[in-house]
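sequence first, then the predicted structure:
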Amino acid sequence: MLEKFFGLKSHKTNIKTELIAGLTTFMTMAYILAVNPGILAETGMDKNAVFTATALSAVIATLVMALVAKLPFALAPGMGLNAFFAYTVVLGMGYSWQFALTAVFLEGIIFIVLTAFNIREAIVNAIPLSIKHAISGGIGLFIAFIGLQNAGLIAANPATMVSLGDMSSHTVWISLFGIVLMGGLLALKVKGALLIGIFAATIVGIPLSVTMLPEGNVVSLPPSLAPIAFQFDFSQVFTTDMIIILFTFLFVDMFDTVGTLIGVASKADMIDKDGKLPKVKQALFADAIGTTFGAMLGTSTVTTYIESASGVAEGGRSGLTSLAVAGLFFLALFLSPLFLMVPAAATAPALILVGSFMISPIIKVNFEDYTESIPVFLTIIMMPLTYSIAEGIVFGMLSYVIIKLISGRYREISPLMYILSLIFCLKFFF
């Protein structure tokens, strides 16, 4: 039944591969179960309740992706968007977390409407094929950069921005062990290489006190949502601040999601000859529904995770991969200590190697054509350096339009690209 529903044969995959891919994706993104409650708790929200909201919103959104879009992408409350929620809207601007949740809820409703009327799908299809390949490469560098940070291999430096991390740290050496082990297993074409490496690094981390074993009961009932669910504040909906905050949520989530979908799909060869991603509308519905329900439950914007690339690297090609991720997030509600014991040192190697995998689509770009290659380069380099998928897309698309116009090749620019470029310019200036 699973093979027929998800079309596993047509995707040249099988149940075992899909389940391993789902477990790998979950292991690389499970950190959100600990990080999101910690960030949102700084606004005064109940940390335990946010844990439940985080897991449930991931379950709901990823189930939609699995059963409706049938694509191997996982969703959860997004990093960056949760920081904007907590540090800018609440702690910076002085609004209540209830006000911020209202903005997220309205964002979700708007996204559902935009998706229903094919506006978001039109934006995805308007992005030139070369930029789509560049997005994959840019996300590759970005996800590797995150992995290097998590591993402690690179660290912040006031003089040079980044530098080599503390090479005496156990975290660094466990991560290096994971990279070497995963790399060797990949070279030997061992199925589940990334997952094996994560487990091995987790075990090695126990005697070095990098992996912290759970204390007390591993199984427990999830915390109540009562303190944060449906806590909206509509009293200031029509203020200028709400418009600005709502636009920021919309913009960042829009292009983070679009970028992740395109980048991971490009690596998985899911983009057709016309540069389109099949079932992209259904995929966009998943994050719109996830964001709406997430706000109702009490968490920040839900988005598609770039860590989905780790599951795709393991061979995940269908909705069965995301179904497995949804199932694991549900289990995490009751087994959170077990899942949260996996340290960043164990998952960082997977992110670094997945980053290397995602670079490959750029070989399809014509680097002799500067109207294509320069925007591609800017897209790739700006993602890790601005720490934002959305900003990388903005620089790539703006440069694409400007260079094509200067070279007299304006016929290669779609009307929607002109509109998007104008919106990007307004964003920079206002």
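Structure's in. What do you need? Numbering: from 1, shown residues only.

make it CA atoms for all contacts and neighbour counts henceforth
Noted.

what packs against the helix or strand containing A348?
Assigned by DSSP states H and E, A348 belongs to helix 344-357. Applying 3 or more CA pairs under 8 Å, 6 or more residues apart in numbering; DSSP states H and E, one finds that helix 344-357 contacts helix 15-29, helix 129-151, helix 170-187, helix 193-204, helix 308-313.

how far out from the middle of the chain is the following helix or strand past the first one?
When you say that, I think you mean helix 15-29. Later in the chain than helix 15-29, the nearest helix or strand by DSSP H and E is helix 32-40. Going by CA atoms, centre = their mean, to the nearest Å, the spacing between the C-alpha centre of helix 32-40 and its chain's C-alpha centre is 15 Å.

and helix 32-40, which residues are buried?
32-34, 36-40 (16 or more other CA atoms under 10 Å).

what's the span of stretch 90-102 from first residue to last?
Length of stretch 90-102, first residue to last, CA to CA, to the nearest Å: 12 Å.

let's number from 282 now, not from 1
That works, and once the first residue is 282, the last one we named lands at stretch 371-383.

how about it: buried residues?
Those buried within stretch 371-383 under the rule 16+ other CA under 10 Å are 371-372, 376-383.

ditto for stretch 554-561
556-558, 561.

export that stretch as CSV, just CAs?
Written as CSV, here are the backbone C-alpha positions of stretch 554-561 (Å, rounded to 0.1, in the frame of the first residue of the first chain):
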residue,chain,number,x,y,z
LYS,A,554,13.1,20.2,-17.9
ASP,A,555,11.0,23.4,-17.8
GLY,A,556,12.6,24.3,-14.4
LYS,A,557,9.4,23.6,-12.4
LEU,A,558,9.0,21.5,-9.2
PRO,A,559,6.0,19.1,-9.5
LYS,A,560,3.4,19.6,-6.7
VAL,A,561,5.0,22.8,-5.6
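
what comes into contact with it?
350, 402, 405-406, 409-410, 413, 543, 546, 551-553 (CA atoms under 8 Å, 6 or more residues apart in numbering).

of all the buried residues of stretch 371-383, which comes closest to M346?
Using CA to CA, L382 is the member of the buried residues of stretch 371-383 that lies nearest M346, at 23.1 Å.

all strands of this protein, in order?
Counting by DSSP state E, the chain has strands at residues 356-358, 435-438, 442-445, 583-585.

turn these into JSON lines, columns for mean neighbour count.
Formatted as JSON lines, the entries for those read as follows, by neighbours: other CA atoms under 10 Å:
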{"stretch": "strand 356-358", "mean neighbour count": "30"}
{"stretch": "strand 435-438", "mean neighbour count": "14"}
{"stretch": "strand 442-445", "mean neighbour count": "12"}
{"stretch": "strand 583-585", "mean neighbour count": "29"}
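
for the stretch 582-711 of the chain, which spans come out with low pLDDT?
711 (pLDDT under 70).

identify each buried residue in stretch 482-502, please.
482-486, 491-493.

closest one of the buried residues of stretch 371-383 to L445?
L372 (32.2 Å).

find the nearest non-adjacent residue to the closest one, please.
T324 (6.8 Å; CA to CA, 6 or more residues apart in numbering).

tell me how far that neighbour lies from G579.
12 Å.

in terms of neighbours, single out the busier of the two.
Using other CA atoms under 10 Å as the criterion, T324 and G579 rank with G579 on top: 32 against 21.

follow-up on the earlier one: got TSV for the buried residues of helix 313-321, with distance to V331 and pLDDT too?
Converted to TSV, the buried residues of helix 313-321 look like this (distance: CA to CA, whole Å; pLDDT from 0 to 100):
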residue	distance to V331	pLDDT
I313	11	91
L314	9	91
A315	10	84
N317	8	90
P318	5	91
G319	9	84
I320	10	88
L321	7	93
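
any idea which of the residues you listed is the one closest to V657?
I313 (30.4 Å).

can you pull the contacts of the closest one?
By CA under 8 Å, 6+ apart, the neighbours of I313 are 335, 357-358, 360.

wait, which of the residues you listed is closest to L619?
T335 (16.7 Å).

among the contacts of stretch 554-561, the buried ones, what's the PyMOL command?
Those of the contacts of stretch 554-561 that count as buried under 16+ other CA under 10 Å are selected in PyMOL with:
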select buried, resi 350+402+405+406+409+410+413+543+546+551+552
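
okay, among the contacts of stretch 554-561, which ones form the most distant pair?
Among those, A350 and P409 lie farthest apart (CA to CA), at 22.8 Å.

would you quantify the distance from the closest residue to V345 other than its chain neighbours to I393?
For V345, ignoring the flanking residues on the chain, the nearest one in space by CA to CA, 6+ apart is A567 at 5.2 Å. To I393, A567 is 9 Å away according to CA to CA.

ok, H414 next?
27 Å.

neighbour count: the two, which is higher?
Set side by side, H414 and I393 show more neighbours around H414, with 29 against 21, by other CA under 10 Å.

hmm, back to that, which one of the strands of the chain lies nearest to T660?
strand 583-585 (19.1 Å).

who does the closest one pair up with?
strand 356-358 (antiparallel) (DSSP bridges).

dump the strands of the chain into TSV; add distance to S641 as well.
Converted to TSV, the strands of the chain look like this (distance: least, CA to CA, whole Å):
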stretch	distance to S641
strand 356-358	24
strand 435-438	24
strand 442-445	25
strand 583-585	21
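
what is the neighbour count of the residue nearest to V345?
29.

you'd agree it is up against M346?
Yes - assessed by CA atoms under 8 Å, A567 is found in contact with M346 at 5.4 Å.

which ones are touching the nearest residue in space to P642 that is not next to it in sequence?
Nearest non-adjacent residue to P642, counting by CA to CA, 6+ apart: H414, 5.3 Å away. For H414, the contact set (CA under 8 Å, 6+ apart) comprises 544, 547, 642-643, 645-646, 657.

measure stretch 553-567 end to end?
Stretch 553-567 has its terminal residues 21 Å apart, counting by CA to CA.

any idea of the mean pLDDT for it?
The average of the pLDDT scores along stretch 553-567 is 85.

quick one: distance of it to the chain centre.
Centroid separation between stretch 553-567 and its chain, computed with CA atoms, centre = their mean, is 17 Å.

the closest residue to A576 other than its chain neighbours: neighbour count?
Ranked by CA to CA, 6+ apart and with sequence neighbours excluded, the top spatial neighbour of A576 is F386, at 5.1 Å. F386 has 27 neighbours, counted by other CA under 10 Å.

please verify my assumption that F386 contacts G571.
No - look at F386 against G571 with CA under 8 Å: they stay out of range, at 10.1 Å.

thinking again about what came up before, want to try CSV for the buried residues of helix 313-321, with distance to K470 as columns?
Shown next, in CSV, are the buried residues of helix 313-321 (distance: CA to CA, whole Å):
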residue, distance to K470
I313, 30
L314, 31
A315, 33
N317, 35
P318, 38
G319, 38
I320, 39
L321, 41
